[in-house]
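J.: A predicted structure for the sequence below; I have some questions about it.
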Amino acid sequence: MSGSPHSPAALHAPVLEWYAANARVLPWREPDAGAWAVMVSEFMLQQTPVNRVLPAYRAWLERWPKPIDLAAEPPGEAVRAWDRLGYPRRALRLHAAAQAIVERHSGEVPDDHEALLALPGVGTYTAAAIASFAFGQRHAVVDTNVRRVLARALTGVAQPTISPTAADQRLAMSALPADEPTAARWAVASMELGALICTARAPRCDDCPIRSQCAWVLAGSPPYDGPPRRGQTYEGTDRQVRGRLLAVLRAAAGAVPKKALDACWHDAAQRERALDGLVADGLVEPLSRARYRLPG
DNA sequence: TACCCGTGGCT
DNA sequence: TAGCCAAGGGT
């Protein structure tokens, strides 16, 4: 059952042993963290690196230790506390999710996968992550790290496909240990391997516990030969303008005169489009044509 | 499906 | 330096 290359089961023991010895100490992994802490961390970690999440995470849980504490606040306070983590719609969704938890689940983060998936801002990955990390359930937890580890170790290519696919989910399911607690440890361990060793740019294969079984290494570590990845341009985009507008509103105690927002960006047409977009998203509340604030 | 959505560190 | 990349979700 073990030992042959490309055999998922052969990966389990070395990866689990490696994790036991090398896992980072992170607050949401503490035994007493609780499901709400795991959920907050997962929202913040959607596209934002661990090191930048840590301070915001600590402040958030100190201020709102339970879902009902956040649900009682206006959504604008969540946006303000989100600080500069990026993608502030996540703050709005986390606030809405907290309200849904209070209304539908008596204030407790549900342990049911379908119930989690029905919460705002919770997609396939986040639902599986909360169910696995917080409740020890058996789910394929497929993020960009896991997709990369499986692409290399089992498929033998340098990088996974650009977008997540159903094939990724099937591959992750096939690699999942049958036993529930082992599956939960495998989920976090394989993700950590992707974050620390099997990294996107300069993988540390010399330190990898499964290098002797890795299909990509065994194939001679061939370079990526798929379609070119679309770079994310940022300078001059609406996203940059939105970020500037929201930064002004976050820094202000209350409402902000439109004149202060107008100073954020030179191009009036783009500025108005960005502001309208923020209002449409519920991130900004217009009090009049001349005054704006974070949503109350 | 492809695109939109922030921010900043790293190589 | 300028891209590249980061525990995705919604539409």
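T.: Great, that's in hand.
J.: who are the neighbours in contact with the most centrally placed residue in chain A?
T.: Taking CA atoms, centre = their mean, the centroid of chain A lies closest to residue A:46, which sits 1.9 Å from it. Residue A:46 makes contacts with A:87, A:90, A:126, as judged by CB atoms under 8 Å, 6 or more residues apart in numbering. Every residue, glycine included, has its C-beta placed from N, CA and C.
J.: Just confirm residue A:44 contacts residue A:85, I think it does.
T.: Yes. Judged on CB atoms under 8 Å, residue A:44 makes contact with residue A:85 at a distance of 5.9 Å.
J.: tell me, what's touching the two both at once?
T.: A:53, A:56.
J.: Check the gap between residue A:133 and residue A:147 for me.
T.: As judged by CB to CB, to the nearest Å, residue A:133 and residue A:147 stand 18 Å apart.
J.: which ones are touching residue A:283?
T.: Listed by CB under 8 Å, 6+ apart, the contact partners of residue A:283 are A:79, A:88-89, A:92, A:246, A:294-295.
J.: now the residues you listed as TSV including pLDDT and distance to DNA strand B?
T.: Below are the contacts of residue A:283 laid out as TSV (pLDDT from 0 to 100; distance: CB to the nearest atom of the strand, whole Å):
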residue	pLDDT	distance to DNA strand B
A:79	98	10
A:88	98	5
A:89	98	5
A:92	98	9
A:246	98	6
A:294	98	13
A:295	98	14
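J.: and which of these is nearest DNA strand C?
T.: For the contacts of residue A:283, the closest approach to DNA strand C (CB to the nearest atom of the strand) belongs to residue A:89, at 7.3 Å.
J.: That closest one - how many residues pack around it?
T.: 15 (other CB atoms under 10 Å).
J.: and what of residue A:70?
T.: 27.
J.: Would you mind listing the buried residues in stretch A:93-106?
T.: Applying a neighbour-count criterion of 16 or more other CB atoms under 10 Å, the buried positions in stretch A:93-106 are A:93-102, A:105.
J.: go on, stretch A:260-276?
T.: Buried residues in stretch A:260-276 (16+ other CB under 10 Å): A:261, A:264-265, A:271, A:274-275.
J.: Kindly report the same for stretch A:76-92.
T.: In stretch A:76-92, counting by 16+ other CB under 10 Å, buried: A:76-83, A:85, A:88, A:90-92.
J.: again, but for stretch A:35-51
T.: So stretch A:35-51, judged by 16+ other CB under 10 Å, has buried residues A:35-46, A:48.
J.: want to try a markdown table for these, with secondary structure and pLDDT as columns?
T.: Shown next, in a markdown table, are the buried residues of stretch A:35-51 (DSSP: H, G, I helix; E, B strand; the rest coil; pLDDT from 0 to 100):
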| residue | secondary structure | pLDDT |
| --- | --- | --- |
| A:35 | helix | 98 |
| A:36 | helix | 98 |
| A:37 | helix | 98 |
| A:38 | helix | 98 |
| A:39 | helix | 98 |
| A:40 | helix | 98 |
| A:41 | helix | 98 |
| A:42 | helix | 98 |
| A:43 | helix | 98 |
| A:44 | helix | 98 |
| A:45 | coil | 98 |
| A:46 | coil | 98 |
| A:48 | coil | 98 |
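J.: Which one of those residues is nearest to DNA strand B?
T.: Once CB to the nearest atom of the strand is applied, the member of the buried residues of stretch A:35-51 that ends up nearest DNA strand B is residue A:48, at 4.0 Å.
J.: what's the closest non-adjacent residue to residue A:159?
T.: residue A:224 (4.7 Å; CB to CB, 6 or more residues apart in numbering).
J.: now the residue in chain A that DNA strand B sits nearest to: how far from residue A:87?
T.: Residue nearest to DNA strand B within chain A (CB to the nearest atom of the strand): residue A:243, separated by 1.6 Å. Counting by CB to CB, the gap from residue A:243 to residue A:87 is 10 Å.
J.: One more: residue A:76?
T.: 16 Å.
J.: could I have the helix or strand encompassing residue A:69 exported to PDB, CA atoms only?
T.: Using DSSP states H and E, residue A:69 sits within helix A:67-71. Extracted C-alpha coordinates of helix A:67-71, given in PDB (Å, rounded to 0.1, in the frame of the first residue of the first chain):
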ATOM      1  CA  PRO A  67     -20.100  36.200  16.700                       C
ATOM      2  CA  ILE A  68     -22.800  38.000  18.600                       C
ATOM      3  CA  ASP A  69     -20.300  40.700  19.600                       C
ATOM      4  CA  LEU A  70     -19.500  41.500  16.000                       C
ATOM      5  CA  ALA A  71     -23.100  41.100  14.900                       C
END
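J.: Fine, thanks again, bye for now.
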